[in-house]
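Q: what shape does this take:
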Amino acid sequence: MMGNLIQLLAGGLSLGAAYALVALGFVVIYRASTVLNFAHMPLLTTGAFLMVGLCKMGVPWGLSAIGAMVLTGALAAAVERGVMRPMIGKDIVVTSILTIFVAFFLEAMVIILGGVEQRGMPTPWDTMRTVPILGAKVLVNSLVSLAAGLVALGGFFALINYTKLGVAMRAAASDQEASLAHGIPVGKILSATWFFSGVLAGLGGIMLGMFPNQVDPLLGTIALRAFPAIILGGLESPLGAVLAGFIMGILEVLAQAYLNPALGAFGQNFHGVFPYLFMILVLIVRPHGLFGVQEVKRA
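A: Below is the predicted model:
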């Protein structure tokens, strides 16, 4: 019993790490520009397909992962420079809707260039290999995904808090006009923000494409399952989005293992909607999310 629970928790933490990367990439764009970036979803698919393609070209696995992340980040930065930059000062709702059309375009490009067939994510180890942990057999894929996610998240927060670029990114996210007045190149900072958001999306796509999942053009739709983490964490709280991502991953895996069988015929795929139900319940009590802060305005 305990071994099964540990195995489920390991899977939940691995899935939660991917959700945390997706949620963080979404939130940093929102903080920087108040834009809801729906183009973030196909970037996950792009990262996964790039990883598969680079591995097939004979590039070593580690370099393929780094290359896929960097290329996905470059694509995100190109979207910001070519599509989003001209929309600065325009209505935020219109700009957010524009990202939906960008998402459709990117999805079409993935299908045209990568095809529609499913494929497995290559790994230098056996995809079904497990390691014993406290009596549980935990997939190596889960442990690698969790470790990679934690390293990426730690690296990003270190970048934000301890580098000049990170300080500039936080300043631009807080007040763009004041940042410009102090000589901060807001345009370049926005490009850097989109780049790092794309890097996180690329890694998230690689993690989500690993066994037991597969890489296909619909992989990016998994990002919709990270949406409750974005809301629960608070759109203004990167740390909250990360913590909520881990919570959602664990809840989804536990719901699949325990709630689905308990509900019988009504429990089929119930784990897919359970995070949304949990989100609704939390928002009833805390409308600004678990870690969000209500904005105070002076009369």
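
Q: switch to C-alpha atoms for all contacts and neighbour counts from now on
A: OK.

Q: now Val138, what's its secondary structure?
A: strand (DSSP: H, G, I helix; E, B strand; the rest coil).

Q: how close does the closest residue to Gln214 other than its chain neighbours get to Ala39?
A: Nearest residue to Gln214 in three dimensions, chain neighbours excluded: Gly120, at 5.1 Å (Cα to Cα, 6 or more residues apart in numbering). Gly120 sits at a distance of 24 Å from Ala39 (criterion: Cα to Cα, to the nearest Å).

Q: quick revisit: what residues are up against the residue nearest to Gln214?
A: Shown in contact with Gly120 (Cα atoms under 8 Å, 6 or more residues apart in numbering): Gly209, Met210, Phe211, Asn213, Gln214, Val215.

Q: ok, the last one touching Gly209?
A: Meaning Val215. Yes. Between Val215 and Gly209 a contact is recorded at 4.9 Å, counting by Cα atoms under 8 Å.

Q: what touches both of these two?
A: Joint contacts of Val215 and Gly209 (Cα under 8 Å, 6+ apart) are Ala48, Gly120, Met121.

Q: and the first one, what is it in contact with?
A: Looking back up the chat, that one is Ala48. Going by Cα under 8 Å, 6+ apart, Ala48 touches Ala68, Met121, Gly202, Leu203, Gly205, Ile206, Gly209, Val215.

Q: nearest spatial neighbour of the third one, chain-adjacent residues omitted?
A: What that stands for is Gly202. Spatial nearest neighbour of Gly202, chain neighbours left out: Gly47 (4.0 Å); criterion: Cα to Cα, 6+ apart.

Q: which parts of the helix or strand where that neighbour lies are buried?
A: Using DSSP states H and E, the element containing Gly47 is helix 40-56. Buried residues in helix 40-56, defined by neighbour count with 16 or more other Cα atoms under 10 Å: 40-55.

Q: and the residue nearest to Phe266 when sequence neighbours are not counted, how far from Tyr276?
A: Of all residues not flanking Phe266 in the chain, Asn260 sits nearest, at 7.8 Å (Cα to Cα, 6+ apart). For Asn260, the distance to Tyr276 equals 15 Å [Cα to Cα].

Q: where is the longest helix in this protein?
A: helix 2-33 (DSSP state H).

Q: mind listing what's buried in that helix?
A: Neighbour count says helix 2-33 has 6-33 buried, by 16+ other Cα under 10 Å.

Q: check stretch 159-166 too.
A: Within stretch 159-166, the residues that count as buried by 16+ other Cα under 10 Å are Ile160, Leu165, Gly166.

Q: hmm, who's touching it?
A: Against stretch 159-166 from outside (Cα under 8 Å, 6+ apart): Val167, Met169, Arg170, Ile189.

Q: pull the host helix or strand of Ser142 out as PDB, backbone CA atoms only.
A: Here Ser142 sits within helix 140-162, counting by DSSP H and E. Only the C-alpha atoms of helix 140-162 are listed here, as PDB (Å, rounded to 0.1, in the frame of the first residue of the first chain):
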ATOM      1  CA  VAL A 140      13.300   6.700 -14.200                       C
ATOM      2  CA  ASN A 141      11.400   9.000 -16.600                       C
ATOM      3  CA  SER A 142       9.500  10.400 -13.600                       C
ATOM      4  CA  LEU A 143      12.700  11.000 -11.600                       C
ATOM      5  CA  VAL A 144      14.500  12.600 -14.500                       C
ATOM      6  CA  SER A 145      11.500  14.900 -15.300                       C
ATOM      7  CA  LEU A 146      11.200  15.900 -11.600                       C
ATOM      8  CA  ALA A 147      14.900  16.600 -11.300                       C
ATOM      9  CA  ALA A 148      15.000  18.600 -14.600                       C
ATOM     10  CA  GLY A 149      12.000  20.600 -13.600                       C
ATOM     11  CA  LEU A 150      13.400  21.500 -10.200                       C
ATOM     12  CA  VAL A 151      16.800  22.500 -11.700                       C
ATOM     13  CA  ALA A 152      15.000  24.700 -14.300                       C
ATOM     14  CA  LEU A 153      12.700  26.300 -11.800                       C
ATOM     15  CA  GLY A 154      15.600  26.900  -9.400                       C
ATOM     16  CA  GLY A 155      17.700  28.400 -12.200                       C
ATOM     17  CA  PHE A 156      14.900  30.700 -13.400                       C
ATOM     18  CA  PHE A 157      14.200  32.000  -9.900                       C
ATOM     19  CA  ALA A 158      18.000  32.500  -9.400                       C
ATOM     20  CA  LEU A 159      18.100  34.500 -12.700                       C
ATOM     21  CA  ILE A 160      15.200  36.600 -11.600                       C
ATOM     22  CA  ASN A 161      16.500  37.400  -8.100                       C
ATOM     23  CA  TYR A 162      20.300  37.500  -8.400                       C
END
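
Q: many thanks, I have nothing further to ask.
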